[in-house]
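# what follows is a predicted protein model with its sequence.
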Amino acid sequence: MSAQRQGWAERLQIAGRVGLTVGLALVAVLLINWLAARPDLRVRMDWTATGQNTVGEASASVLERLPGTVTLDVFFRPEEPPLTQVAYIAQERTRRLLRTLRDASFDRVDLRENDIRDVEAIERRLSELHLRGFENCVVVSFGDQREVVSLNGALAVFDPGAPPPASRPARIVEFAAERALISAMLKVTRGAAREVYFIVGHGEREVDDTTSSGLSELDRQLAQDGLGVSRWNPLTDGPIPADCACLALIGATDALSDELLGSIEAWVRAGGRLVLVPHPEDAVLATSRVGELSARFGIEIQEGIVCQPVVDPQTGRLSVGDPKVSSFAVSPNNMAGHPLMLPIKRAERSFVVSGTHPMRRTAQPAGGVTSPLFFSSAESWVDGFQPGRTGPTLDFRPDPALEATGRRFELALASAFPPADAAPQPAMEEKPQARVVVFGSSMAFTNGAFRYNQDLLRNVFNWVLDREYRLSISARNPDVRLIPVDKREAALPLLSRLAWGYLPGLCLLLGILVASLRARAGATG
């Protein structure tokens, strides 16, 4: 009986040890999970040779100071040839970077990967974000603020290659996803929405006009970018509103008063921001006094309309004499290297201008600089009334005897200069700037041209409001290869021999050794 009791006691003791071991293991697992969920106790180590699992110091600093949770919505779909493969590679690299940003953000980044196959869910999410359409992009949002970061041009820059006979495969020229995403986070977390006031009361184009000549699409785009949009009538609303971050005067037809010209000039010179765009007609340009206002900032809007030949679809030759010559696309080759234009130029996109005046710089602002944004082609000319001409004001044909022909004309200018009587700033802080953007024609801003010029117009207001955020974040290697695959490299063949030959052979030898040792131990026992 005592032996039986002793056996039960031993069994209970063993069961207790097993239960205690299981309990301790469970506690250890729970403790490890708890520790893993504590961002402040988490230690990340990047063992990759390229450091691709680590964000830069500037990025880490931004992530650490985020005021709340920033949401990153991924809307990726396959690209059309020839960018299909390189776009897929860029998308996968972006996804890895997004997960790295999320892990390094101390739970301040919410990553949402939207499945493009679920059409209803996609439409619902786009509606929640107040977006229309769909493109390869990452949408960065914080509260009511949002920023669309496109795959081509922002996250990465692609070279589509070339067809035979000089064939060249498509490739990733630059992978700058980290810089683009961190810049977008800074934009959406910058605080209260800044207000853009459109001047009205002088025949300007209206932000609530939904016709092809109105600005309702621009109004929607600015609101989508987190900007406030309001109207200001100087005749009834008093002085420039205190919360005005930018004034926009687009397509005025009636004369601006001396008082209004003086108040706008004084406000801009005190550090204000101005987007100034004239009406395309020469007579209206003179009577509206918009050219007089731009001249106060060293920018002369000249008479005439810039034209360039169009390709006849039947003959394939350049033709003139048609009103279509006054409307043309601006290619990347005719874009300047200004920060406002660089994203469009790098993405190799174009936009359309129509009925645009030429312009030129008459004087550089004190302490600042005025720079061209884009030009017409070398085959262009200025059409319009010239001294000595008889007949129609516009004939859409170049006349070397009366008109400027055969050269590139500046079609838009941007000016940045320090405010008058600005307060002294610490040496390491960014100095305040007044900024002015002048375009040659208001038609580029209208609903009729918006689908061609959306990126351009977004960049205009982002630059004039100083929302381009230049960060010291280096672009990552566009051609990441973890194993060299060049024929001159030995890494890949060596890895193949290790995986297919040496490793199985080593395991076989270890198995034979273990079996031999066990057999010898059994024989001696």
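Received, thanks.
# next, the contact list for the closest residue to residue 337 other than its chain neighbours, please.
Once flanking residues are discounted, residue 337 sits nearest to residue 345: 7.3 Å by Cβ to Cβ, 6 or more residues apart in numbering. From N, CA and C alone the C-beta is placed, and that goes for glycine too. With contact set as Cβ atoms under 8 Å, 6 or more residues apart in numbering, residue 345 has these partners: 332, 335, 337.
# recalculate using a threshold of 10 Å.
153, 331-338, 374 (Cβ atoms under 10 Å, 6 or more residues apart in numbering).
# export the residues you listed to TSV and tack on neighbour count and secondary structure?
Below are the contacts of residue 345 laid out as TSV (neighbours: other Cβ atoms under 10 Å; DSSP: H, G, I helix; E, B strand; the rest coil):
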residue	neighbour count	secondary structure
153	21	coil
331	14	coil
332	14	helix
333	12	helix
334	19	helix
335	23	strand
336	18	coil
337	9	coil
338	17	coil
374	26	strand
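# pipe those into TSV and attach pLDDT and distance to residue 197 per row.
Formatted as TSV, the entries for those read as follows, by pLDDT from 0 to 100; distance: Cβ to Cβ, whole Å:
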residue	pLDDT	distance to residue 197
153	85	30
331	92	33
332	93	32
333	94	35
334	95	31
335	96	28
336	95	28
337	91	30
338	93	24
374	97	26
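# how about those residues in a markdown table, adding distance to residue 409?
Formatted as a markdown table, the entries for the contacts of residue 345 read as follows, by distance: Cβ to Cβ, whole Å:
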| residue | distance to residue 409 |
| --- | --- |
| 153 | 26 |
| 331 | 15 |
| 332 | 17 |
| 333 | 15 |
| 334 | 10 |
| 335 | 14 |
| 336 | 13 |
| 337 | 18 |
| 338 | 16 |
| 374 | 10 |
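# closest to residue 200 out of the residues you listed?
The shortest gap between residue 200 and any of the contacts of residue 345 belongs to residue 374, at 27.8 Å (Cβ to Cβ).
# check the secondary structure at the residue nearest to residue 337 for me.
helix (DSSP: H, G, I helix; E, B strand; the rest coil).
# for the stretch 151-300 of the chain, what spans make up the strands?
With DSSP state E, counting those that start in this stretch, the ranges of strands along the stretch 151-300 of the chain come out as 156-159, 171-175, 195-199, 228-232, 244-250, 273-277, 299-301.
# quick check: which of those strands is buried the most?
strand 273-277 (a mean of 25; mean count of other Cβ atoms under 10 Å).
# for stretch 200-213, buried residues please.
Of all the residues in stretch 200-213, those buried under the rule 16 or more other Cβ atoms under 10 Å are 200-202, 204-207.
# quick one, helices of the stretch 201-350 of the chain?
In the stretch 201-350 of the chain, helices defined by DSSP state H, counting those that start in this stretch lie at 216-224, 258-269, 282-288, 290-295, 342-346, listed in chain order.
# scratch that, the stretch 351-500 of the chain
When assigned using DSSP H, counting those that start in this stretch, the helices of the stretch 351-500 of the chain occupy the ranges 447-464, 491-497.
# okay, the residue nearest to residue 337: pLDDT?
pLDDT, the model's per-residue confidence, is 87 for residue 345.
# quick one: residue 126 and residue 116 touch, right?
No: using Cβ atoms under 10 Å, residue 126 is not in contact with residue 116; the gap is 11.3 Å.
# so between these two, which is more surrounded?
Remark: of residue 126 and residue 116, residue 126 carries more neighbours, 17 against 14, as counted by other Cβ atoms under 10 Å.
# and whatever helix or strand that one lives in, how far out from the chain middle?
Taking DSSP states H and E as the definition, residue 126 sits inside helix 119-128. On the basis of Cα atoms, centre = their mean, to the nearest Å, helix 119-128 is displaced by 22 Å from the centre of the chain it belongs to.
# so the following helix or strand past it versus helix 119-128, what angle?
Tracing the chain past helix 119-128, the next element assigned as helix or strand by DSSP H and E is strand 137-142. Taking axes from the mean of the first three to the mean of the last three Cα atoms, to 10 degrees, one finds strand 137-142 and helix 119-128 inclined to each other by 50 degrees.
# parallel or antiparallel, which strands does the helix or strand following strand 137-142 pair with?
Note on strand 137-142: by DSSP H and E, the next helix or strand toward the C-terminus is strand 145-150. Sheet partners assigned to strand 145-150 using DSSP bridges are listed as strand 137-142 (antiparallel).
# hey, C-alpha coordinates of the strand it pairs with in CSV?
The C-alpha atoms that make up strand 137-142 are tabulated as CSV, following Å, rounded to 0.1, in the frame of the first residue of the first chain:
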residue,chain,number,x,y,z
CYS,A,137,-0.2,56.2,-55.2
VAL,A,138,0.1,56.3,-51.4
VAL,A,139,-2.4,58.7,-49.7
VAL,A,140,-1.0,60.3,-46.5
SER,A,141,-3.7,61.7,-44.3
PHE,A,142,-4.0,63.2,-40.8
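# re earlier: and the furthest pair within the buried residues of stretch 200-213?
Between any two of those, the greatest separation by Cβ to Cβ is 14.5 Å, found for 202 and 207.
# residue 226 is in contact with residue 148, isn't it?
No: look at residue 226 against residue 148 with Cβ under 10 Å: they stay out of range, at 11.0 Å.
# mutual contacts of these two, please.
Here residue 226 and residue 148 share the contacting residues residue 141, scored by Cβ under 10 Å, 6+ apart.
# mind listing what's buried along stretch 446-456?
The neighbour-count criterion (16+ other Cβ under 10 Å) identifies 446-450, 452-453, 455-456 as the buried residues of stretch 446-456.
# need those residues in CSV (columns: pLDDT and distance to residue 258).
Conversion of these to CSV gives the following (pLDDT from 0 to 100; distance: Cβ to Cβ, whole Å):
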residue, pLDDT, distance to residue 258
446, 96, 29
447, 95, 33
448, 94, 34
449, 94, 33
450, 93, 34
452, 91, 37
453, 93, 33
455, 86, 37
456, 92, 33
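# residues in contact with residue 62?
Under the criterion of Cβ under 10 Å, 6+ apart, the contact partners of residue 62 comprise 55-56, 70, 101, 105, 108, 181-183, 185-186, 189, 469, 471, 473.
# wait, which of these is closest to residue 241?
Checking those one by one against residue 241 (Cβ to Cβ), the nearest turns out to be residue 189, at 24.5 Å.
# need the contact list for that closest one.
Listed by Cβ under 10 Å, 6+ apart, the contact set of residue 189 reads 62, 65-68, 70, 108, 140, 142-143, 145.
# buried subset of those, written for PyMOL?
To isolate the buried ones among these in PyMOL, judged by 16+ other Cβ under 10 Å, type:
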select buried, resi 62+66+70+108+140+142+145
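# name the nearest of the contacts of residue 189 relative to residue 9.
Here the nearest of those to residue 9, counting by Cβ to Cβ, is residue 108; it sits at 56.5 Å.
# spatially nearest residue to the closest one, not counting backbone neighbours?
residue 66 (4.3 Å).
# same question, residue 256
Of all residues beyond its chain neighbours, the one nearest residue 256 is residue 289 (4.6 Å), with distances taken as Cβ to Cβ, 6+ apart.
# got it, and residue 78?
residue 84 (6.1 Å).
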